[in-house]
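J.: Prediction below, plus the sequence it came from.
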Amino acid sequence: MILFDKPECPFCWKVRLAIAELGLDVEVINYLAPGQEAIWRPLTPNTTVPVLVTDEGVIYESDVIMEYLADLSGTLLPAKREERNTARLLHKYSDSKIGVGLREVIFEKRDKPEDKWDMDRINKGIERFYQALPFLEIELDNQDYFTSCYSFPEAAITARFALAEAYGVEIPVEFPNLKSWFARMKARPSFEQTQPFLLRLNR
Ligand SMILES: N[C@@H](CCC(=O)N[C@@H](CS)C(=O)NCC(=O)O)C(=O)O
């Protein structure tokens, strides 16, 4: 399989984490590498990465790719239907609710010197990110994973939290379950294996 990938994109990072956790043999190609854009753009009507090329066809949209990886491996979703629903709902929550505030922070800080940052936009984005956390803190409780195994929310939320951290937004102490969960996720080999090079430099 081939994954067309943007290293610092949270949707792509989530897919890379899932691939690493599953130990799948996938060639990861940077979407901007010379000559690659002409290959992947025509494969998707949505003009976005990630795009996964498989023997069974081309899959775009990260949530559909995650479902494909779960289907293929039989291990990325919990066995119980009720838990599978939880995993899918939290995955959706990560892509929509957690992403919106963070996007403001990242877009404002990225490619701009610090003295040009719009602190009002940044603070509003951080506030919005924090507002998304109480629900996750309660859902996680003090379990190892959001469901009974490493699943969609682990990959999706790890990528979001790691991007937050790289842009100076820590998980506040009021969320001890999320803080220790995130520390555990970062200690997994999949994190080191998939971390974008640019974010490593920022640490
Ligand atoms: N709904 C899409 C969103 C993916 C997305 O927004 N990807 C961005 C990067 S984060 C992208 O490819 N942007 C086009 C570009 O950078 O040229 C998914 O879940 O796969």
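T.: That came in fine, so what should we check first?

J.: The top helix by length along the chain packs against which elements?
T.: The longest helix of the chain (DSSP state H) is helix 152-166. Applying 3 or more CB pairs under 8 Å, 6 or more residues apart in numbering; DSSP states H and E, we find helix 152-166 packed against helix 10-22, helix 62-73, helix 81-93, helix 99-109, helix 176-187, helix 197-202. For glycine as for every other residue, the C-beta is placed from the backbone atoms N, C-alpha and C.

J.: among these, which is the most enclosed?
T.: Of all those, helix 10-22 carries the top mean neighbour count, a mean of 24, counting by mean count of other CB atoms under 10 Å.

J.: model confidence over that one, on average?
T.: In this model, helix 10-22 has a mean pLDDT of 98.

J.: got it, and stretch 50-69?
T.: 98.

J.: I'd like the helices and strands packed on helix 152-166 written out as JSON lines, with distance to the ligand added.
T.: Formatted as JSON lines, the helices and strands packed on helix 152-166 follow (distance: least, CB to the nearest ligand atom, whole Å):
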{"stretch": "helix 10-22", "distance to the ligand": "4"}
{"stretch": "helix 62-73", "distance to the ligand": "3"}
{"stretch": "helix 81-93", "distance to the ligand": "10"}
{"stretch": "helix 99-109", "distance to the ligand": "9"}
{"stretch": "helix 176-187", "distance to the ligand": "20"}
{"stretch": "helix 197-202", "distance to the ligand": "14"}
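
J.: excluding its backbone neighbours, what's nearest Thr194?
T.: Counting by CB to CB, 6 or more residues apart in numbering, Thr194 lies nearest to Arg16, which is 4.1 Å off, once chain neighbours are set aside.

J.: next one: stretch 182-201 to chain centre, how far?
T.: From the chain centre to the centre of stretch 182-201 is a distance of 11 Å (CA atoms, centre = their mean, to the nearest Å).

J.: Restricting the selection to alpha carbons, write it to CSV.
T.: Written as CSV, here are the backbone C-alpha positions of stretch 182-201 (Å, rounded to 0.1, in the frame of the first residue of the first chain):
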residue,chain,number,x,y,z
PHE,A,182,-1.3,11.2,26.5
ALA,A,183,2.0,10.4,28.3
ARG,A,184,1.3,6.7,27.7
MET,A,185,0.5,7.3,24.0
LYS,A,186,3.7,9.2,23.6
ALA,A,187,5.7,6.4,25.1
ARG,A,188,4.4,3.9,22.5
PRO,A,189,6.8,3.1,19.6
SER,A,190,4.2,4.2,17.1
PHE,A,191,4.6,7.8,18.4
GLU,A,192,8.3,8.0,17.8
GLN,A,193,7.9,6.2,14.4
THR,A,194,5.4,8.7,13.1
GLN,A,195,6.3,12.0,14.6
PRO,A,196,6.8,14.7,12.0
PHE,A,197,10.4,15.8,11.6
LEU,A,198,9.5,19.5,11.9
LEU,A,199,7.8,19.0,15.3
ARG,A,200,10.8,17.1,16.6
LEU,A,201,12.9,20.1,16.0
